[in-house]
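> Build me a model:
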Amino acid sequence: MQQFINTNRKEIPPTFSQDAISFHRQLPNYIPTPLVDWQVYASQHHLKNLFIKDESQRLGLKSFKGLGTSYAMFRILCERNHLDPQTTSLAKLRTMDHSKVTFVCASHGNQGVAMAWATSLFGCSSYLLIPKGSSKIYQNQIKRKNVQVVITDGSYDQAIQKARAWAKDNDGILLQDIAWDGYTKIPTWIIEGYLTMAKEIQQQISTTPTHIFLQAGTGAMAGGMIDAFHHMYPKAQLIIVQPISSPCLYVSMEQTKRSSVVCQPTIMTHLNRGIPCLITWPIIQKQVNCICICEDDAAIRGMHVLKTNDIISGPSGALTMGLVDQIVKSDALRNQFQIQQDASILLINTEGDTDPFLYQSMVGEDRCLII
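Numbers count the residues shown, from 1 in each chain. Got it, this is the predicted structure:
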């Protein structure tokens, strides 16, 4: 594990709205995901609390991605139909014909599953580009009416370029949470959809957190959550964790500018991103306390630790737990991160066993890990 301490933090006003929860409450089968207060672990490791927001139980999709995708689609369809999103209900929008609307995105899996679900909710179509090497299990999960899946050669970032071109040539609507010059409105809506997690946590948590660990690829979700949490819990330490294979935020902090990296293979495919999100990078740069980069072993460790409390997590979801487990077992690391016995740590398990075969290969009954 390596860390970069941000010594140039600055106060900035909130960037994103947290109003999407009013839309999400209208979704079929919506319930807030659990916030687990793992007192046994906290007691064993001399903490006050360890809170885990479990997104593996989100809307039957096993990840948080449906929050951003569904809210962005709602906003887009309202705009196309000249409707006020503040007064338009989901029920009304679903009575309208959106069959000629096609959304397109690149995805390693979780975003694609969420988009296929959301387009079926609204009666739209989907065109999904999946980078070569992504698990075939996602192709089965994505199979729905009016969903076309294309396996592409190259990386995720290259798949995004193909998605952009396809959307332009076929009058499609690109739906990605990474932003760039000229493409910020839709990513903003997606990120605002993610912030339903922050609103739920605020309503569920029993103690103000002292440390919040957030995993990141481009930093879209992490930056949005930092924007919310910094103003909810101004004294909390905000820590981002990335795979060492794709440290775009870490490198950007070192170079004091938004920088791209060449991604290397990792089991944390949903965090394997090469360039920071344009609209959340300034938030991260000014408000994060620390960025850490970790090897794949940290994710595997986290998966095993969470399983002992019956929390199912894929590698990308478990990375923060793996790092926290390493920190709390080392006096030196506890001192570096200022984690004392009164610490209340908050994590988000961003995904469940979205790839069950990968999950079983890592933490199945025949596998063990000495922790």
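
> if you go through this protein in chain order, where are the strands?
2-5, 35-37, 49-54, 102-106, 125-131, 147-152, 173-174, 211-215, 237-243, 290-294, 344-349 (DSSP state E).

> Gly223 is in contact with Trp281, correct?
Yes: Trp281 is within contact range of Gly223, at 6.9 Å (criterion: CB atoms under 8 Å). For glycine as for every other residue, the C-beta is placed from the backbone atoms N, C-alpha and C.

> what residues are up against the closest residue to Ser252 other than its chain neighbours?
Nearest non-adjacent residue to Ser252, counting by CB to CB, 6 or more residues apart in numbering: Ser259, 4.6 Å away. Ser259 sits next to 248, 251-252, 275-276 when contact means CB atoms under 8 Å, 6 or more residues apart in numbering.

> who wins for most neighbours among those residues?
Ranked by neighbour count (other CB atoms under 10 Å), the contacts of Ser259 have Pro276 at the top, with 29 neighbours.

> correct me, but Phe74 touches Ala91?
No: between Phe74 and Ala91 there is no contact under CB under 8 Å: 11.6 Å.

> can you tell me how far the residue nearest to Ser252 sits from Gln204?
36 Å (CB to CB, to the nearest Å).

> quick revisit: give me the distance between the residue nearest to Ser252 and Met253.
Taking CB to CB, one finds Ser259 at 9 Å from Met253.

> tally of neighbours for Ala332?
Ala332: 8 surrounding residues under other CB under 10 Å.

> hang on, I meant Thr208
13.

> How about the contacts made by the nearest residue to it once chain neighbours are set aside?
Excluding the flanking residues, the one nearest Thr208 by CB to CB, 6+ apart is Tyr233, at 5.6 Å. Residues near Tyr233 by CB under 8 Å, 6+ apart: 208-209, 212.

> Now tabulate those in a markdown table and tack on pLDDT.
Shown next, in a markdown table, are the contacts of Tyr233 (pLDDT from 0 to 100):
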| residue | pLDDT |
| --- | --- |
| Thr208 | 98 |
| Pro209 | 98 |
| Ile212 | 98 |
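
> quick one: which of those is nearest Ala159?
Nearest to Ala159 among these, counting by CB to CB, is Ile212 at 30.7 Å.

> The closest one and Leu358: what is the separation?
When distance is defined by CB to CB, Ile212 is 27 Å away from Leu358.

> what about the two, which has more around it?
Taking other CB under 10 Å, Ile212 and Leu358 do not tie; Ile212 has more neighbours (26 against 17).

> The residue lying closest to that one once chain neighbours are set aside: how many residues sit nearby?
Nearest residue to Ile212, sequence neighbours excluded (CB to CB, 6+ apart): Leu346, at 4.6 Å. Other residues near Leu346 come to 25 when the count uses other CB under 10 Å.

> give the contact list for Leu346.
51-53, 201, 205, 209, 211-213, 236.

> Would you quantify the distance from it to Pro276?
Separation of Leu346 from Pro276 (CB to CB) stands at 23 Å.

> One more: Ala118?
Where Pro276 is concerned, Ala118 sits at a distance of 25 Å (CB to CB).

> again, but for Asp54
Between Asp54 and Pro276 the distance is 27 Å, computed by CB to CB.

> what sits against Thr188?
With CB under 8 Å, 6+ apart, Thr188 has these contacts: 16, 179, 279.

> re earlier: most neighbours of all the contacts of Leu346, which one?
Highest neighbour count within the contacts of Leu346, by other CB under 10 Å: Ile212, with 26 neighbours.

> Name whatever forms a beta bridge with that residue.
On the basis of DSSP bridges, Ile212 takes part in beta bridges with Leu238, Leu346.

> unless I'm mixing things up, it is touching Lys235, no?
No: in this structure, Ile212 is not within contact of Lys235 by CB under 8 Å, at 11.0 Å.

> Who has more neighbours out of Phe74 and Ala91?
Shown here are Phe74 and Ala91; by other CB under 10 Å, Phe74 has more neighbours (26 against 8).

> Could you list the residues in contact with stretch 12-32?
With CB under 8 Å, 6+ apart, stretch 12-32 has contacts from 59-60, 67, 70-71, 74, 85, 89-91, 121, 188, 191-193, 195-196, 198-200, 203-204, 224, 227-228, 231, 279, 282-283, 286-287.

> Break down the stretch 201-350 of the chain into its helices, ranges please.
Taking DSSP state H, counting those that start in this stretch as the criterion, the stretch 201-350 of the chain contains helices spanning 220-232, 248-255, 281-287, 296-307, 315-328, 331-336.
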